[in-house]
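Q: below is the sequence, then the predicted model.
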4 protein chains.
Amino acid sequence: MVGSNDGSRTRPGSSGRTPANAGRRSRGERTRASLLEAGVEVFASRGYHAARVDDIVALAKTSHGTFYLYFANKEELFGALAADAADEMTALAKRLPPLDPTEKAAAQLTEWLRDFVALYRGSGAIIRAWTEAEIGGSEFGRLGTDTLAEITRELLHRIRDVAPTGIDARVAALALVAMIERLNYYVLTDQVKLDDAAMVDTLAAVTHRSLFGTAVPAHSDGAQA
Amino acid sequence: MVGSNDGSRTRPGSSGRTPANAGRRSRGERTRASLLEAGVEVFASRGYHAARVDDIVALAKTSHGTFYLYFANKEELFGALAADAADEMTALAKRLPPLDPTEKAAAQLTEWLRDFVALYRGSGAIIRAWTEAEIGGSEFGRLGTDTLAEITRELLHRIRDVAPTGIDARVAALALVAMIERLNYYVLTDQVKLDDAAMVDTLAAVTHRSLFGTAVPAHSDGAQA
Amino acid sequence: MVGSNDGSRTRPGSSGRTPANAGRRSRGERTRASLLEAGVEVFASRGYHAARVDDIVALAKTSHGTFYLYFANKEELFGALAADAADEMTALAKRLPPLDPTEKAAAQLTEWLRDFVALYRGSGAIIRAWTEAEIGGSEFGRLGTDTLAEITRELLHRIRDVAPTGIDARVAALALVAMIERLNYYVLTDQVKLDDAAMVDTLAAVTHRSLFGTAVPAHSDGAQA
Amino acid sequence: MVGSNDGSRTRPGSSGRTPANAGRRSRGERTRASLLEAGVEVFASRGYHAARVDDIVALAKTSHGTFYLYFANKEELFGALAADAADEMTALAKRLPPLDPTEKAAAQLTEWLRDFVALYRGSGAIIRAWTEAEIGGSEFGRLGTDTLAEITRELLHRIRDVAPTGIDARVAALALVAMIERLNYYVLTDQVKLDDAAMVDTLAAVTHRSLFGTAVPAHSDGAQA
DNA sequence: TATGAATGAGCCTTCATTCAT
DNA sequence: AATGAATGAAGGCTCATTCAT
């Protein structure tokens, strides 16, 4: 579909990209990095479809030709960004705290939600873009879901035993993740004005109550509604 | 000045469209209807951006020229569909039942959620497409949000007095609507396999518990009121 | 080129169009007349290319179908109008007065120029439009020139004997007609602000002097510069 | 905001275009030049409205996309050509010689008219096209007039003091310019067959006589000053 | 490695003309 | 005689991608 870029020509700047030598990167790596950076910026402000390769190379202060030296096409650049975001999200999922009626667990959940908000604010532009319907034959849509699915899976682990009767734990986990993601989405896209603390507290409270029937104790250390 | 190229060329099929003669529609009305129908189909399967006027007219078995006889452009057709969807959603919002800890209220909520699912299944393709970032300068994005905002508003009316301390009613309403919409979205787009009853019951349960701390009685998985 | 309108189907309203029964015209004649009228208006305000059949039928308060009942295409309607304008111009050419150094001849020339201005103001819109480069393969461009050519021919008749030595009478006639037409054009299209009297007097003076070397006596009955 | 779709994508071939390196032009400059050349050709033969971007790129042996790399649209290409033509015309206007009854002045006028003919033969196609009614909201129509207005202005300077009584100098200047332009137009578009010398001599004679009442001495039909 | 000019498939839109009623 | 819905051939323009240098 995308020309004959069968990957047979080696891409520049793909040598040791370990954090250690991050400061002294080859020219190729710097170029690639600036393209990625520009990509985030442009995808964030325009969305995937409206993003122009033109805009990206202009922001990265490089040329069209160079762009295709590093990425087979627009989709691949987006894919790289999405993979990064997915990695971060997966790592976050792993850190989901245990859930029980205790105040400590509630506080930890709040804490975790704060991290989620931070991550969503950073990589959210990409996550948001990839929630856009139909990027590259829905492959990315799935990727977005899969990523959230990991959080769902972790959440399910935590609540399976504590979920009240009458609630399907799997569905509840899904619903809660949906809630968390979407509310963040509304806030990030400015469709709704809300300060982070109120959002975090409410998400924690709803989650906690829906599982344990009682409110999270209100003295979570932050501003509160 | 003479004709004024303001596109004022009168549109066909705009005669008496009263419910009475809805069956016997003029040719123009039929054409317009088939274009709308095709629009739903195409927007649903491809998303707004990937939808081609070509696809729509092909499905409607009409010509390119005819399309522009009825709609100024792709956006306008989408707008018409979106407006319809918004109307239905608004009407549904108005029917949101009162919320209190009683079993009857819980049952009514379940019922309402069933309606939501039905509506979402019908117009959801459009709602989904219009949640896509950046259609026509984000005007539609807002419209989508505004529509959901109406449900939020109605929900807020119902829970303002019953919301437990420690929960900001406005934010909670928002969060619950976000949850309801997104879970439906996941199911509608087949990103998650779930039967409607489980979804409805869980959404009802989470909503109910997050507000009242107790589960909805579990015997609601039938068509009983 | 223009579809298969080979004229085989008889056009409505083409019966006795003599001035005598002009008042009691059949419906067809009235329709045709209103289309012609609308044509003048639209061609005048928009020019030939920008004129839309849409505009014409809207102004004539009739339909597209009807338009093609009376005219094979847009060009034919224009042709009809152009032919009328050409007839009038030809008649005017015939009335060009004799030219000699006398004061009387000068006055008659001024008078004739006044008529030219009047005619140009009425049919000028069409004349102007048809001076537009390339209407229907330059056929009309020629028609416009041919019409002016008749004035040139008449002028040549008048000046052949009186033209001073050193001036080619044919070329001079052509030049003078060019001058008369273009100055009127500038004024009619508001590219130049000029009152009719000044224009007429100057055109008469330049014509007279270029032929006879002396100014036209200044007491031509009208406003004068 | 990021890339701003204001068409600011830098145009190719806009490096040092000094006369010095005019011979060795960059590829971009050559492409742009061939598009301009093709533009003249196509506008000349078809007129502005009938000119197709397709025709232009075909003649320039380049692609559709390339066209839009150099010009925002058809109008802009035309504008570039028109601006060039306007510049040349303005320069010519500045060179209009002084006008007085002497034979030398008459000879200089003839000489100037020869230059006008030469210029009109080169850029006339564009001038002609832009006299077409209604290019881009009449902006160009005015430009054409404005350009001729400069000649009118210069002519007015020269004749203001020598114009005979009974002739409004401004109107006369306008009329003479109109005559000169239109006669050239007729000849250039082959609507009239005329050799250049006859045209030039007659225009000079008419101009001279209308101002000074005597013919230009007839022996000017050579290249003598 | 990098450049940026060139490409062309694809899309939206217009409008003169036709045709069923 | 009239209508107005339908048609489809153009035409202008965009933008991801390629290629010569």
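A: Okay, I see it.

Q: please count neighbours and contacts with C-alpha atoms only from this point.
A: Will do.

Q: okay, and A:Leu113 sits in which element?
A: In this assignment (DSSP states H and E), A:Leu113 forms part of helix A:103-131.

Q: same question, A:Val57
A: Assigned by DSSP H and E, A:Val57 falls in helix A:53-59.

Q: that helix - contacts with which helices or strands?
A: Judged by 3 or more CA pairs under 8 Å, 6 or more residues apart in numbering or on different chains; DSSP states H and E, helix A:53-59 is in contact with helix A:27-46, helix A:64-70.

Q: ranking the ones you listed by burial, who's on top?
A: Greatest average neighbour count among the helices and strands packed on helix A:53-59 goes to helix A:27-46 (a mean of 20), per mean count of other CA atoms under 10 Å in any protein chain shown.

Q: got the domain ranges for chain A?
A: A:19-71, A:75-212 (automatic domain parsing).

Q: just checking, what packs against the least confident helix or strand in chain A by mean pLDDT?
A: One helix or strand of chain A scores below all others by mean pLDDT, DSSP states H and E: helix A:139-159, with a mean of 82. Where contact means 3+ CA pairs under 8 Å, 6+ apart, helix A:139-159 is packed against helix A:74-94, helix A:103-131, helix A:169-188.

Q: shaky segments in chain A?
A: For chain A, applying pLDDT under 70 flags the ranges A:1-11, A:13-24, A:131-144, A:214-225.

Q: re the thing from before, do the helix holding A:Val57 and DNA strand F meet?
A: Yes. Where contact is defined by CA under 7 Å from any atom of the strand, part of helix A:53-59 touches DNA strand F, namely A:53-54.

Q: can you tell if that helix touches DNA strand E?
A: No. Using CA under 7 Å from any atom of the strand, helix A:53-59 stays clear of DNA strand E, with a minimum separation of 8.6 Å.

Q: that helix: how far from the chain's middle?
A: From the chain centre to the centre of helix A:53-59 is a distance of 23 Å (CA atoms, centre = their mean, to the nearest Å).

Q: what of stretch A:198-208?
A: The answer for stretch A:198-208 is 19 Å, by CA atoms, centre = their mean.

Q: for the closest residue to A:Leu194 other than its chain neighbours, the count of nearby residues, please.
A: Nearest residue to A:Leu194 in three dimensions, chain neighbours excluded: A:Val187, at 6.4 Å (CA to CA, 6 or more residues apart in numbering or on different chains). Using other CA atoms under 10 Å in any protein chain shown, A:Val187 is surrounded by 17 other residues.

Q: where's A:Val187 relative to DNA strand F, distance?
A: The spacing between A:Val187 and DNA strand F, counted by CA to the nearest atom of the strand, to the nearest Å, is 27 Å.

Q: likewise for A:Trp130?
A: Separation of A:Trp130 from DNA strand F (CA to the nearest atom of the strand): 16 Å.

Q: neighbours of that residue, how many?
A: Quick note: A:Trp130 (other CA under 10 Å) scores 27 neighbours.

Q: show me what contacts whatever residue of chain A ends up closest to DNA strand E?
A: Here the residue of chain A nearest DNA strand E is A:Gly65; by CA to the nearest atom of the strand that distance is 2.6 Å. Shown in contact with A:Gly65 (CA atoms under 8 Å, 6 or more residues apart in numbering or on different chains): no residues.

Q: got the residues of chain A near DNA strand E?
A: Close to DNA strand E, as judged by CA under 7 Å from any atom of the strand, chain A has residues A:11-13, A:26-28, A:31, A:62-67, A:69.

Q: how about the residues you listed, which pair is most distant?
A: A:Ser26 and A:His64 (19.9 Å; CA to CA).

Q: sorry, back to before: for the helix holding A:Leu113, which helices and strands make contact with it?
A: Looks like helix A:103-131 contacts helix A:27-46, helix A:74-94, helix A:139-159, helix A:169-188, helix A:196-212 (3+ CA pairs under 8 Å, 6+ apart).

Q: quick one, the last one and helix A:169-188 angle?
A: Okay, so that is helix A:196-212. Here helix A:196-212 runs at an angle of 170 degrees relative to helix A:169-188 (axes from the mean of the first three to the mean of the last three CA atoms, to 10 degrees).

Q: just want the angle from helix A:196-212 to helix A:139-159.
A: Using the same axes, to 10 degrees: helix A:196-212 against helix A:139-159 is 60 degrees.

Q: show me how far helix A:196-212 is from its chain's centre.
A: The answer for helix A:196-212 is 20 Å, by CA atoms, centre = their mean.

Q: repeat for stretch A:51-65
A: Distance, centroid of stretch A:51-65 to centroid of chain: 24 Å (CA atoms, centre = their mean).

Q: buried residues, that stretch. List them.
A: Going by neighbour count (16 or more other CA atoms under 10 Å in any protein chain shown), the buried part of stretch A:51-65 is A:51-60.

Q: phi, psi for the closest residue to chain C within chain A please.
A: Residue nearest to chain C within chain A (CA to the nearest CA): A:Ala50, separated by 33.4 Å. As for A:Ala50, its main-chain torsions (degrees, to the nearest 10) stand at phi -80, psi -10.

Q: mind checking how far it is from A:Glu75?
A: 13 Å (CA to CA, to the nearest Å).

Q: among the helices and strands packed on helix A:139-159, which is nearest C:Leu194?
A: helix A:74-94 (61.2 Å).

Q: is that closest one positioned near chain D?
A: No. On the criterion CA under 8 Å from any CA of the partner chain, helix A:74-94 is out of touch with chain D, staying 15.7 Å away.

Q: how far does that helix sit from its chain's centre?
A: 7 Å.

Q: if we can go back for a sec, in TSV: the helices and strands packed on helix A:139-159, plus distance to A:Arg153.
A: Shown next, in TSV, are these (distance: least, CA to CA, whole Å):
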stretch	distance to A:Arg153
helix A:74-94	9
helix A:103-131	16
helix A:169-188	8
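
Q: deepest-packed of these, please.
A: helix A:169-188 (a mean of 23).

Q: isn't A:Asp55 right up against A:Val42?
A: Yes. The criterion here is CA atoms under 8 Å, and A:Asp55 meets it with A:Val42 at 6.9 Å.
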